[in-house]
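Enquirer: here's a sequence, model it:
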Amino acid sequence: MEKTYKIKSSSKINLGLRVLNLRNDNYHNINSLFIEVDLQDIITFIPSSSFSLSCSNNNVPTNKDNTIVKAYELLDKKFNFKNHYKVLLEKHVPIGGGMGGGSSNAAFTLKALNNLYNLKLTQHELCEMSLNIGSDVPFFIDGGVKFVSGRGEIIAKHDAPLINEFYILLIFPDFSVSTSWAYKKIKKKLQHKEYSTKFPALDSKVNWKLFENDFEDIVGSAYPEIFEIKKFMYNNGALYSGLSGSGSTMFGIYNDRNVLEKIKQSISHYNTLIVSPAKK
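Expert: From the prediction side, this is the model:
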């Protein structure tokens, strides 16, 4: 076994999220553009006689409900590990924020264990296995900028020549949103809407109006504060502003970091962070 092994587990924003039909397996088909960003948790693996998980945030479960535990047990069941690791999770990605923190933790744990135990699983195999943990987990196996469809298992690279010129302002409202609550609410609206599946390339001619998140009206009806945040960001030069996933994190995309720093100072009553697309 190797010595202590430390990795960074990233997060994502959804630039547009269309919720389509309910599938026979009770999941929804979606169309969304996922952008991996450099807000990261830190996961440390320490050789141990048995597996355990601890977390810096007491609100994060460390039992079988945790995606790291699910990832570990998934591989342990298949490969019957003889040696184990104590896992420490330093949490920075918000819980219930729609940024995929738990999904990322699972994906990066699978990748770490693949390396630590020399399992030689391919990226395709990791993606297939990861879907057993959650719909957003496969995206984080490779990350980057991807068009995601199906329930999350259909992943395609997306044209994004300007992606590294964008800066992203994250605003974290003082509430979280349950993903299951949001999907239960959206079921009632599916039969009344027609959906566009078009997502433009992120280039100099991008039409930002084509990016829509179907959860915004649902979350906004319960938490109208998100509409105020969105208006604030547009009034302060955002190219685009929206809800990430089912929320509650709001984000704005800008092309001038200096402008962002001034905006950040003007809303000190919110917890905010400036991030960038993750480097590949």
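Enquirer: helices or strands up against the top helix by length along the chain?
Expert: Looking across the chain with DSSP state H, the single longest helix is helix 101-116. Packed against helix 101-116 by the contact rule (3 or more CB pairs under 8 Å, 6 or more residues apart in numbering; DSSP states H and E) you find strand 5-22, strand 28-48, helix 67-79, strand 84-90, helix 123-130, helix 137-142. No exception for glycine: its C-beta is placed from N, CA and C like everyone else's.
Enquirer: after the shortest one, which helix or strand is next?
Expert: Elements were assigned by DSSP states H and E; along the chain past helix 137-142, the next helix or strand is strand 145-150.
Enquirer: and that following strand, how far out from the chain middle?
Expert: Centre-to-centre, strand 145-150 and its host chain are 12 Å apart (CA atoms, centre = their mean, to the nearest Å).
Enquirer: now do it against strand 28-48, angle only.
Expert: Angle, strand 145-150 to strand 28-48, by axes from the mean of the first three to the mean of the last three CA atoms, to 10 degrees: 120 degrees.
Enquirer: got any ranges where the protein has weak pLDDT?
Expert: Applying pLDDT under 70 to the chain picks out residues 1-2, 188-198, 280.
Enquirer: before we move on, back to that, buried set for the longest helix of the chain?
Expert: In terms of neighbour count (16 or more other CB atoms under 10 Å), helix 101-116 has its buried residues at 101-114, 116.
Enquirer: now swap in stretch 152-170 and tell me
Expert: So, applying 16+ other CB under 10 Å, buried residues of stretch 152-170: 152-153, 155, 158, 160, 163, 166-170.
Enquirer: straight-line length of that stretch, end to end?
Expert: End-to-end distance for stretch 152-170, by CA to CA, to the nearest Å: 23 Å.
Enquirer: 61 is where my numbering starts, stick with that
Expert: Let's use 61 as the start, then, which means that last one is stretch 212-230.
Enquirer: one step back: just the buried residues of stretch 212-230 now: which is nearest Glu288?
Expert: Leu229 (14.8 Å; CB to CB).
Enquirer: the closest one: which element?
Expert: Per DSSP H and E: strand 227-232 holds Leu229.
Enquirer: now the element after that strand, going C-ward?
Expert: helix 239-250.
Enquirer: next, the angle helix 161-176 makes with that next one.
Expert: Per the same axes, to 10 degrees, the angle that helix 239-250 makes with helix 161-176 is 120 degrees.
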